[in-house]
Structures are given as C-alpha cells and as structure tokens.
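Colleague: Just need the structure, nothing else, for what follows:
(chains A and B)
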Amino acid sequence: MWEIYKKEFLELVRDKRTLIFAILLPTLIMPLIIAGVAFVGAKIQAKAQSETLNYAVQNMHAMPNVADAIAKQDGFTLIKVEDIDSLSADDIKAHIESGKLKFALIFPKDGVAKLAEGKQVEIELHFNNASVTNRIYQRVKNSIDSVIEEQQKVLLSRFNLDENTLTVLTKPIEIKRVNTADKREDIGEKIGGLLPYLLIILILTGAMYPALDLGVGEKERGTLETLLLTPVSRTKIVLAKFLVIFSTGFLTVFLMLASIVVWSLIALNIIAVEAIEKLTQIISLGDIFLIFVMLAPVAAIFASLLLCASIYSKNYKEAQNYMSPIMMFAFIPIIFSILPGVQLDSTWAWVPLTNVSLAIKEIVKGTIDYGMMGIIFISTTIVAGILLYFCNLWFNRENVLFRS
Amino acid sequence: MIEVNELAKSFRYDKVALKEKKKRAKSELDPREDEREFHAVRDVSFLCEPGRVLGLLGPNGAGKTTTLRMLSTALAPSKGSIIIDGDNVIDKPLVMRKQIGFLSGKTSLYRRLTVRENVRYFGKLHGMSEQKLENKIDEVFGLLDIKSFENKKAEDLSTGMSQRANIARTVIHSPKVLILDEPTTGLDVISAKTIVDFIASYRGSDVSVIFSTHHLHEVESVCDQVTLIDKGITQFNGSVEEFRNKGQGQDLYSSFLALVNQANSSIDGSNFTQQENVGGES
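Modeller: Have a look, this model is predicted:
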C-alpha cells in the first residue's frame, strides 16, 4: 500500500497543476490575494476620505456662516457656476454627472431668518450616492457640525437651558453597554466565521485535482486496470489513493496556515501592523494545532467523497459534473455556521461540517468546550469512515470500475 | 499450464443501455442479447501448455477481450473455470495474479514516471526484492531494446517505445502465464517485429503465452496453436496446421473466414467477407 502511496505522491509532485493548487495557491497566491484586497480596500477608503471635492452652493448668501464653515474644510473646492442661484435640480444633476461638481448645496433663501426665529432649516445636499465608498455626506456633515453646535447654544440660552438639560430632553433614558466579551472573544467572533470557511474550501480545492487524477484520470489513461491486476487488494489500493488525496487536501491547508503565520510575522516585524500583533497575541500555536485536529476528519470526508465520484465517472467531463454538487455539499453547511444566532450546541454538534466550522470559531474565540470538541471530532470521523467504507465497496464493483 | 473450461461472462444492462436496446429493431440485436443481459462470452474452452504460444482469434466483438480480461482476473466469470498449474484463478485471484502477466490494448504507463520507475513500481507491487528487481529490469530492457530510453518519462515516448515498456512492465515479475491483447496494433513494423520476436522467445520456456491479434501472419510466425472464438463461443481449437486445413489448405485468412462464416450461418445465415472481418488487413 505504501508503494502505491509513494508513487501517487511522486506523480502528483511532478505535476504542475498540483503544484499550483496545493502549494502555490495556499502559500503565495492566497496571501497575495488577501493582502492585495486589503491594500486596495484601504487605499480606496483613504482616497474617499481625502479626495478633493468640487462643490457649488445655491443661495450662498442666505446662510453665510454655513458657507464659511464648508469653505474652511480641507479638500473642498468651491466652483463658480454661472447663474447658480437659478439652476433647477436637474441642472445640478447634470453638473454632477458631467463630473464638474462632486456635490452641490441648496440653502433656503430665508435660512438666516429661520435660524433667528429658532426654526429648523433644511439644506439640500445633491450628490451621487451610488458608490459605496463615497464619504461626501459624512464630510459635509462634519464640516457644519460646529455651526449646528453654535446654533444649539443660542437656542438653549434663549430658553435659559444648559447643555445637560438638552441631553436629558433628547435622551431621557440611556442604555449603557457593558461588553462582557473579552478582546479575544470579540476578535474571534469577527474572524472566526471567515476562517473555517476559508480553510474548509481550501481543503476541498486542494483535494479535488488529485482525486480526479487518481480515479477517473487513471481510468482514462488506462493505468487503473493494470494496477488492479497486481497482487494488491482493492481495499489497499483504495486506502492508498484515499491517503494521497487526504494528505494533499491537508497539506494545502497546512501550507495556508503556515504561510499566514510566516507572512504575519514578516508583516509584524517589517511594518508592525497593529491588527496582526493583536491576532498573534490571542491565537496560540496550541489553538492552531486544535484547528488542525478538527480539520483532519473534514479532509477525510472530502477525500472519500471525491474519490467515490472520481472512480464512478466514465471520463473527466463526467467527473467534473459531479464536482459542483460536492462543492454545494461543502458550502451549505458552512454557510449555516455563519448565520447569525447559530451557536455550537448539542444539536449543531451533530451536523457534519457545520459543527467543525462552529468549533473552529469557538477555538479562535477561546471559548471551546473540549467535551463538545471531542464529540464533533468523533462524529465527523465516523461520517468519514462510513464514506470511505462505501468508497471501498464501490471500488470492488466491476460495473463501477469498468463502466462504459 | 493454463486450462480454460466453459468460460462465460454476462453483463447486466443498466437503465440507459436497456432504453437504447429497446429502440433497436429485432433484426439489429446480437444473438447474445436477452431481456436483461448481454452474454459477451458464452462458452470458451482451451488449454495452453508451458512453452507454447496460443493465438486467440476472432472478429471484432467476438468476446476475445472479455475472455482475456477474465483470464487476467480483471473481470470475474459468470461461469466456468480458469486453472493455472492446478489452482482455480477464480477462487484466489489475489494470489494467482503473481502468476499472470496481462497487457490489454488499452493499458498505458504512468506518464510522469520514467520507464524504469514505471517497471520498478510494478515489480515492487508484485513483491520483488530490490536486487532481484534491478537485475530483472536490466535483463528485460535488454531483450526489448529499452535501455536507450529507460530514463525518459512515459509521456515523452513514441507509441512503439511505450508498448515495449508496457510489455516490460507485464513480464517483470516472471509470470507463468502471459496474456497479450493485440500488442502490435498501431505499431510500426520495427516495433511490431521486436514484440513478436519477444513473444517467440517464450517458445520452449516454462511460460504459457496467450496472444490475441488480427494479424494472421504473426500467428503463422509465432503461434503453436490457435483458438478461434465468435459470438462468445469457441469455434476452433487446434494447431496452426489444423487451422490452415480448415481453409482447404490455403492461407490462414481463408481458414479464418471459413470458420467465422460457418459460425454465423449456424446462427442467422449471414456470410462475412474477408474485408469485413480481418481488421482490414490484406
């Protein structure tokens, strides 16, 4: 059996596609994609915050203090637009669509008078709010906060009230939030949902290509029949193939986790990223080991399932058709674990894949119940064992092996 | 020695095949088809002594490959027995595989391994010791003229080189029965001759060789005896000379056609011509 295992592994190592999916993807490509997405996202946010915004104001003289406060804001440039005071909403929209303006403000003509009378004044802000990254509303609001505060003080003094009374008037009852979750639990809740999703899908993608190659690939190339005629039992052949697929899936996720650790340390030492520093403080090597333990039966489930589908298929094309349902089989339980309100309890502990996903989340949060973890490990291993048993039965059937 | 007695193999139709079958007219059906099964091999018997080469002949679809796959243990027979040196292959296939070397028309090598690695792998799976294996590889590679490309990856080999390497893989564990299913099909003249000469080298040895082919001149040059099957039934068993006599003493092609036509006329009265049945060889 080990001869078959060694040979299959040697062949896979010599295959460029395996190298890409099992080694390059988790160690370089995935971290690069994650870093790239984070970098671009941060850049876009920073740009939205500091971008120079051209604007125009209709009826500027109606509220000179507001106009001054906006003009003083960094990154705002007032543009002169001809006959601005007589433009309709459509004309302003046209200016924004042409790119000449990023936003326009319309002051009410009786703005000052209304303020003096203590009435509410409505300023219209025209801008394109389709982009999720634009910060125009926030920036405009921040720029006139001082004017609003000033007006509040004027009104308070008019009614002989102080600021405390205003607070009581606007919020007679305040609920003070006291978070009992420690920092680790808080961060764990945030990243703990994403991590199992990433790891479990990575196992599946890492195992998929070797499974196709070792099953239907051998059938198509005509090497399977030769292997079946050696004095090695079919059970041993199945076990060897299963172990290769299992190892490759597991190796992929191991490399991914190892590369995250290595890249995090590099980032920590070179650019001292605060978030990574926090992360390394809360997740220990012991936690990573526990995550691996939980992932082992998952890799076994996928290895058995993929090998079954691969062996049953007549050709590569048919095998690839079976891969989509298997992907769905993996995705749906993981999505359950991300849903709000789904927590690891005695019911979810029996749902394959969802339970492992929830357990990993608990490990990251530092709130794992080891008894529950044991139950999940055993139940997932039993599922993997049953699937492997059926895979072996299938491998012993002529009408599956020589299906045509 | 290998002794095959009343061998039969039936395949149950799956749903798709059953639907296809129902669409066909009765006249298009093979006499081996019934309601639920296709009886690919119905009654095949022959015997091959050590040191002799048996040529297994038959038109396309006669049941040759299914028969050979049963002999190799790839398929389990529905009926009959396969005895090698007194042991029934069907009872203990795992043990008997050490006695059998099988090369089918569809087998190939592991393309990302070199020729030597491929052959060594199969030697190890047959439980050969390291030293014995290396010596045997050198011996077989010499006989099959493989040494010049032994370190090439299988994916880089020509068809002829690949087939020679495949034969080396088949005989590496010194089987007592060598089964070759159309080993020269698609090969150039030089590669085909190397393989035919290699098969001939087993004459007079302690190995029984069963060799299926459509090339009757190869039968003439290398075989000691002939078995002809058609529609899954043995139609002839005997020496090459006896086979020739079936065609009124002319060539083997005439004998082949006479026997196949005789078999078919006894089933449905149809006659075959030379072009239709001898794999296009003239």
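Colleague: When you work out contacts or count neighbours from here on, use the C-alpha atoms and nothing else.
Modeller: Fine.
Colleague: any low-confidence regions in chain A?
Modeller: Along chain A, the model assigns pLDDT under 70 to residues A:131-134, A:179-183, A:190, A:267-282, A:403-404.
Colleague: and for the longest strand along it, what are the contacting residues?
Modeller: Secondary structure of chain A per DSSP state E: the longest strand is strand A:53-58. Residues outside strand A:53-58 that contact it (C-alpha atoms under 8 Å, 6 or more residues apart in numbering or on different chains): A:67, A:75-81, A:84-86, A:100-107.
Colleague: after that strand, next one along is what?
Modeller: Next in sequence after strand A:53-58, counting helices and strands by DSSP states H and E, comes helix A:64-72.
Colleague: List of residues touching that next one?
Modeller: Contacts of helix A:64-72 (C-alpha under 8 Å, 6+ apart): A:57, A:60-61, A:76-78, A:140, A:143-144, A:146-147.
Colleague: what's the answer for stretch B:176-191, then?
Modeller: B:1-2, B:50, B:65, B:68, B:71-72, B:84, B:99-105, B:159-161, B:163-164, B:170-171, B:192, B:195-196, B:206-214.
Colleague: Could you report the separation of the closest residue to residue A:367 other than its chain neighbours from chain B?
Modeller: Of all residues not flanking residue A:367 in the chain, residue A:185 sits nearest, at 7.5 Å (C-alpha to C-alpha, 6 or more residues apart in numbering or on different chains). Distance, residue A:185 to chain B, using C-alpha to the nearest C-alpha, to the nearest Å: 49 Å.
Colleague: OK, contacts around residue A:185?
Modeller: A:364-367.
Colleague: ok, so of the residues you listed, who is nearest chain B?
Modeller: residue A:364 (41.5 Å; C-alpha to the nearest C-alpha).
Colleague: And residue B:26, what's its pLDDT?
Modeller: pLDDT for residue B:26: 67.
Colleague: For the strand or helix carrying residue A:330, could you pull out the residues that count as buried?
Modeller: Per DSSP H and E, residue A:330 falls inside helix A:316-338. Within helix A:316-338, the residues scored as buried using 16 or more other C-alpha atoms under 10 Å in any protein chain shown are A:316, A:319, A:322-323, A:326, A:330-331, A:333-334, A:336-338.
Colleague: which of those residues lies closest to residue B:61?
Modeller: Nearest to residue B:61 out of the buried residues of helix A:316-338 is residue A:316 (C-alpha to C-alpha; 26.1 Å).
Colleague: returning to that earlier point: mind putting the buried residues of helix A:316-338 in CSV, distance to chain B included?
Modeller: What follows is the buried residues of helix A:316-338, written out as CSV (distance: C-alpha to the nearest C-alpha, whole Å):
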residue, distance to chain B
A:316, 17
A:319, 18
A:322, 18
A:323, 22
A:326, 24
A:330, 30
A:331, 32
A:333, 33
A:334, 36
A:336, 37
A:337, 40
A:338, 42
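Colleague: circling back: among the contacts of helix A:64-72, name the ones in helices.
Modeller: Per DSSP state H, helices hold the following members of the contacts of helix A:64-72: A:140, A:143-144, A:146-147.
Colleague: Please pick the buried ones from the contacts of helix A:64-72.
Modeller: Using 16+ other C-alpha under 10 Å as the burial test, the contacts of helix A:64-72 include A:57, A:60-61, A:76-77, A:140, A:143-144, A:147 as buried.
Colleague: which non-adjacent residue is nearest residue A:162?
Modeller: residue A:156 (6.2 Å).
Colleague: So which elements touch the host helix or strand of that neighbour?
Modeller: Under the criterion of DSSP H and E, residue A:156 resides in helix A:136-158. When contacts are defined as 3 or more C-alpha pairs under 8 Å, 6 or more residues apart in numbering or on different chains; DSSP states H and E, helix A:136-158 sits against helix A:64-72, helix A:163-170.
Colleague: Now the stretch 101-250 of chain A against chain B: closest residue?
Modeller: residue A:222 (4.3 Å).
Colleague: in terms of contact, does that residue touch residue B:110 like I think?
Modeller: No. Assessed by C-alpha atoms under 8 Å, residue A:222 is found out of contact with residue B:110, at 9.1 Å.
Colleague: which residues of the chain fall in strands?
Modeller: Looking at chain A here, since you left the chain open. Going by DSSP E, chain A shows strands at A:53-58, A:76-78, A:103-106, A:124-127.
Colleague: try chain B instead
Modeller: Under DSSP E, chain B gives strands at B:2-12, B:37-48, B:53-57, B:79-84, B:87-88, B:100-103, B:177-181, B:208-212, B:225-230, B:233-239.
Colleague: Return the residues of the stretch 1-150 of chain B in contact with chain A.
Modeller: Within the stretch 1-150 of chain B, the residues that sit near chain A (C-alpha under 8 Å from any C-alpha of the partner chain) are B:72-75, B:94-98, B:102-103, B:106-110, B:112-113, B:121-122, B:124-126.
Colleague: Just the buried ones from those residues?
Modeller: By 16+ other C-alpha under 10 Å, those give B:72-75, B:94, B:96-98, B:102-103, B:107-110, B:112-113, B:121-122, B:124-126 as buried.
Colleague: Now do residue A:52 against residue A:185, distance only.
Modeller: 40 Å (C-alpha to C-alpha, to the nearest Å).
Colleague: ok, now residue B:166?
Modeller: For residue B:166, the distance to residue A:185 equals 61 Å [C-alpha to C-alpha].
Colleague: ok, whichever residue of the stretch 1-150 of chain B sits closest to chain A to residue A:188 distance?
Modeller: Scanning the stretch 1-150 of chain B for the residue nearest chain A gives residue B:107, at 4.3 Å (criterion: C-alpha to the nearest C-alpha). According to C-alpha to C-alpha, residue B:107 stands 53 Å off from residue A:188.
Colleague: got it, and residue B:58?
Modeller: Counting by C-alpha to C-alpha, the gap from residue B:58 to residue A:188 is 71 Å.
Colleague: What ranges does the stretch 151-282 of chain B have for its helices?
Modeller: Assigned by DSSP state H, counting those that start in this stretch, the stretch 151-282 of chain B shows helices spanning B:159-171, B:189-200, B:216-222, B:240-245, B:252-267, B:274-277.
Colleague: Equivalent analysis for the stretch 101-250 of chain A, please.
Modeller: Going by DSSP H, counting those that start in this stretch, the stretch 101-250 of chain A shows helices at A:111-116, A:136-158, A:163-170, A:183-192, A:194-212, A:218-221, A:224-228, A:234-271.
Colleague: Pick the most deeply packed of those.
Modeller: Greatest average neighbour count among these goes to helix A:194-212 (a mean of 23), per mean count of other C-alpha atoms under 10 Å in any protein chain shown.
Colleague: wait, does that helix contact chain B?
Modeller: No. Helix A:194-212 does not reach chain B (C-alpha under 8 Å from any C-alpha); its nearest approach is 13.8 Å.
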